[in-house]
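**Student:** Requesting a structural model of the entry that follows:
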Amino acid sequence: MSAIGLLSFAARRSLACSCFGGSQVPRESVESQRTGGLGLFLFAAPAVVESSVAALAAAMFAEIADVSPLGRIGTIAVGVAAAVLSAFGAVLAFRRTVGALATIVALGLGVVGGLLALIAFAFLFAGGASLIFGVLLVHAVFSIAMIVRAVTHSRSEGATP
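**Tutor:** Here you go, the predicted model:
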């Protein structure tokens, strides 16, 4: 049997099972995909610590602040905002909070994550001492993206406010 015939057979079997009440492989629920407390901690810790370290480095070292496209004040502001929003977003995702607050935090994390990615890009290609801060910020951006995912998935579960 060819690959196309096999796929056609599988599609017909799936349609027949669903139309006539047959059993299919159960789909995983959203609950089983929810990020738990330890997972949220493992995503929040690097996001908070690494963005705070980048903000502190921009405040203390002129060569780090000069490389950043946002300057010293912008890098400090984005780093501190990322740390605060990451911690707050992890708490909201853990409590499965829905509503305007979760939406605002998810949007804020998205904006701050994009700005951190811009700073990380500049740090990575500047070379020298700023290279390690670029690597740290890439990891922080990934962690922030996972926190945003956890906040938005808690919204799609239909949890009560």
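**Student:** can you give me the helices in the chain?
**Tutor:** Here the chain has its helices, by DSSP state H, at 3-19, 30-33, 37-60, 62-67, 71-95, 100-126, 130-156.
**Student:** will you turn those helices into CSV that also has mean neighbour count and mean pLDDT?
**Tutor:** (C-beta placed from N, C-alpha, C; glycine too.) CSV is the format used below for these (neighbours: other Cβ atoms under 10 Å; pLDDT from 0 to 100):
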stretch, mean neighbour count, mean pLDDT
helix 3-19, 10, 47
helix 30-33, 9, 48
helix 37-60, 19, 92
helix 62-67, 16, 92
helix 71-95, 21, 95
helix 100-126, 18, 95
helix 130-156, 20, 90
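**Student:** tell me the contacts of Val148?
**Tutor:** Applying Cβ atoms under 8 Å, 6 or more residues apart in numbering to Val148 gives the contacts 89, 106, 109-110, 113.
**Student:** what separates the residue nearest to it when sequence neighbours are not counted from Met60, distance-wise?
**Tutor:** Nearest non-adjacent residue to Val148, counting by Cβ to Cβ, 6 or more residues apart in numbering: Leu109, 4.9 Å away. According to Cβ to Cβ, to the nearest Å, Leu109 and Met60 sit 26 Å apart.
**Student:** Ala120 too?
**Tutor:** Counting by Cβ to Cβ, the gap from Ala120 to Met60 is 18 Å.
**Student:** Same check on Gly39?
**Tutor:** Relative to Met60, and taking Cβ to Cβ, Gly39 is found at 32 Å.
**Student:** Equivalent analysis for Phe125, please.
**Tutor:** In this view, Phe125 and Met60 are 22 Å apart by Cβ to Cβ.
**Student:** same question, Ile132
**Tutor:** Distance check for Ile132 against Met60: by Cβ to Cβ, it reads 14 Å.
**Student:** can you check Ala90 too?
**Tutor:** Distance from Ala90 to Met60, by Cβ to Cβ: 27 Å.
**Student:** what do you get for Phe94?
**Tutor:** Plainly put, Phe94 is 33 Å away from Met60 if you go by Cβ to Cβ.
**Student:** if I read this right, Gly89 contacts Val151, doesn't it?
**Tutor:** Yes. Distance between Gly89 and Val151: 5.2 Å, which falls inside the contact criterion (Cβ atoms under 8 Å).
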